[in-house]
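S.K.: Pasting a predicted model and its sequence here:
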Amino acid sequence: MLSGIDLRMKQWDWDYFLSERRKVVGLWPTGKQIESPDSIAEAIAYHKAQPAWKYASLRNEKAEKEGRIQIVPQVGHALVEQTVDHIKHSEDLSPDRWYVLTDTYTRKSEYAKAQDAVDRSRAKGFSYLNGYPLVAHGVPGARAVNEATRAAIGTDNNDEDARLPWEFALAGGWTWGTIKSIEELIQHSRDYPVDKNIHNQQYIDRLAAHFTENGVPILRRASANLPGWDSLGFKVTVALLEVLLSAAQGVKWIDLSLGIGMNLLQDVAAIQVLRKLSREYLDQMGCNDVKIFSWTYFFLGDWPLERGQMSGQLAWNAAVSALAGCNGMFIKSPDEASTTPTAAGFREGLHICGQIVRLIADQRLPDSEDLSLERNMMELEVRSIMKRVLELGDGDFAIGGARAILSGALDTMFSPYKFLKSKVKVVRDRNGALRYLDHGLMPLPNEVIEYHRSRIAERERKENTTAGVNWIIREATWASRSLAEEIAARE
């Protein structure tokens, strides 16, 4: 669905941004804290008083020079003090960043419900939210969280409109945030207009760029986490579009955050292809001053219910990230096997992933014929889709991205977004790599289609079965099945 907004990829005029901002700060009463004409300049001054280690962008640069892999835990509770206590529980482990997740109400811009939950949480001493309500706590809360740690503080995105939370994040001294215009639509939205979603993200990027232009190096995270059943080529394409849309608004520091599929070779190939094509397309746009860094986000498919298996899967995701030579990883907690993550759980996750990174040291997956083939096939796929996106947009990636989602040129298997074609079917091959059983209307080269079919055929021969919907159903719980169930199936 399109709303009719005059969507373009070019950088917003600052006066246009300010006219949009007057609407944004009026979305909730706490917006009065940042409504004055001087509020942006005051926030920039607050940032400039911070030490360099508060900036995710500069930490990225330092870690890359040192060859060190950053490990980022997550946090988010209803009250400021609960969030601060969680952070302080692992402060001695010196995480480079904290990823502050906003709650479901805030992500859906239901600020009244978030405020009610905050009030109940304060009365009962228990968090009635599954994240941190940035808008409810406003600037004072954001600054209290920021000043509780030496780490760089950043946040995720709302499902459709994260403009007001992002205002509070920047005013609070937070130095990084997630780019999720296309991803969020596919992952969490039902019927929000795709052009309006991209337009909202342009607002966020334009504000980040303004801070950077004024000496505050804000980092944006181009996200392609998506559910765990998406093709890796599809994820690379989504992340690449996010990178280009943000760079067009003047963003200069970008994480390339790719959701792991859990096949080592395919994940490494995807990470390498995303970095190569991001650099190439950025340079073609004249954005050769944009700095990019490779990151992973742990698998967003199914996770085991048994804590031991959960810890094993956590370790594997960390190993894939380290062997790929990424700049950093966004981790999970072993608690997520059965409950909402706790401070102790994320501390345990930091220990598990930190030990994996320590033991792997400088080992990286060596190049090989198989890895080269996987990279080449993925690159062909992404280039073909990007070409079609540009055609659909008459030379504009913003317009083309919106039209590609609605036309099926950009498509995936499981999504709540009712305007997505959802004609794609994906299964795993004998090695657990994700392959197109049906590529739907996506413009894939024949060479890529045949490559995926050949990999599926290998598994069909091995198992003496035929790929179909039965595979798709079973693989929805591919990673979470208990070992007892797997053993019983073999007998």
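M.R.: Received the coordinates, thanks. Numbering: from 1, shown residues only.

S.K.: for the strand or helix carrying residue 178, packing partners?
M.R.: Using DSSP states H and E, residue 178 maps to strand 176-179. If contacts are counted by 3 or more C-beta pairs under 8 Å, 6 or more residues apart in numbering; DSSP states H and E, strand 176-179 sits against strand 152-155, helix 194-213, strand 219-224, helix 232-248, strand 253-259. In this view, the C-beta of every residue, glycine as well, is placed from N, C-alpha and C.

S.K.: Can you check which of the ones you listed gets nearest to residue 346?
M.R.: strand 152-155 (14.8 Å; C-beta to C-beta).

S.K.: on contacts alone, who are the packing partners of the closest one?
M.R.: Using 3+ C-beta pairs under 8 Å, 6+ apart: strand 152-155 touches helix 56-66, strand 97-100, helix 134-146, helix 163-171, strand 176-179.

S.K.: Turn the ones you listed into TSV, including mean pLDDT.
M.R.: Putting these into TSV (pLDDT from 0 to 100) gives the following:
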stretch	mean pLDDT
helix 56-66	97
strand 97-100	97
helix 134-146	98
helix 163-171	97
strand 176-179	90
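
S.K.: Take these and lay them out in TSV including mean neighbour count.
M.R.: Converted to TSV, the helices and strands packed on strand 152-155 look like this (neighbours: other C-beta atoms under 10 Å):
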stretch	mean neighbour count
helix 56-66	18
strand 97-100	25
helix 134-146	23
helix 163-171	26
strand 176-179	27
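
S.K.: on that earlier part again, so how far is whichever helix or strand comes after the strand holding residue 178 from its chain's centroid?
M.R.: Once the chain leaves strand 176-179, the next helix or strand it forms, by DSSP H and E, is helix 181-188. Centroid separation between helix 181-188 and its chain, computed with C-alpha atoms, centre = their mean, to the nearest Å, is 10 Å.

S.K.: Make 35 the first number, not 1, from now on.
M.R.: Will do, 35 is the new start, and the previous item becomes helix 215-222.

S.K.: Which secondary structure elements does helix 215-222 sit against?
M.R.: By 3+ C-beta pairs under 8 Å, 6+ apart, helix 215-222 packs against helix 228-247, helix 266-282, helix 431-441.

S.K.: ranking those helices by burial, who's on top?
M.R.: Among the helices and strands packed on helix 215-222, helix 266-282 has the highest mean neighbour count (mean count of other C-beta atoms under 10 Å), at a mean of 27.

S.K.: where among the helices and strands packed on strand 210-213 is the average confidence lowest?
M.R.: Among the helices and strands packed on strand 210-213, strand 253-258 carries the lowest mean pLDDT, at a mean of 92.

S.K.: in its sheet, what does that strand sit against?
M.R.: For strand 253-258, the paired strands and their directions (DSSP bridges) are strand 210-213 (parallel), strand 287-293 (parallel).

S.K.: and the angle from it to helix 90-100?
M.R.: Put simply, strand 253-258 runs at 80 degrees to helix 90-100, going by axes from the mean of the first three to the mean of the last three C-alpha atoms, to 10 degrees.

S.K.: before we move on, back to that, dump the helices and strands packed on strand 186-189 into TSV; add distance to residue 290 as well.
M.R.: Listed next are those as TSV, based on distance: least, C-beta to C-beta, whole Å:
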stretch	distance to residue 290
helix 90-100	11
strand 131-134	15
helix 168-180	25
helix 197-205	20
strand 210-213	10
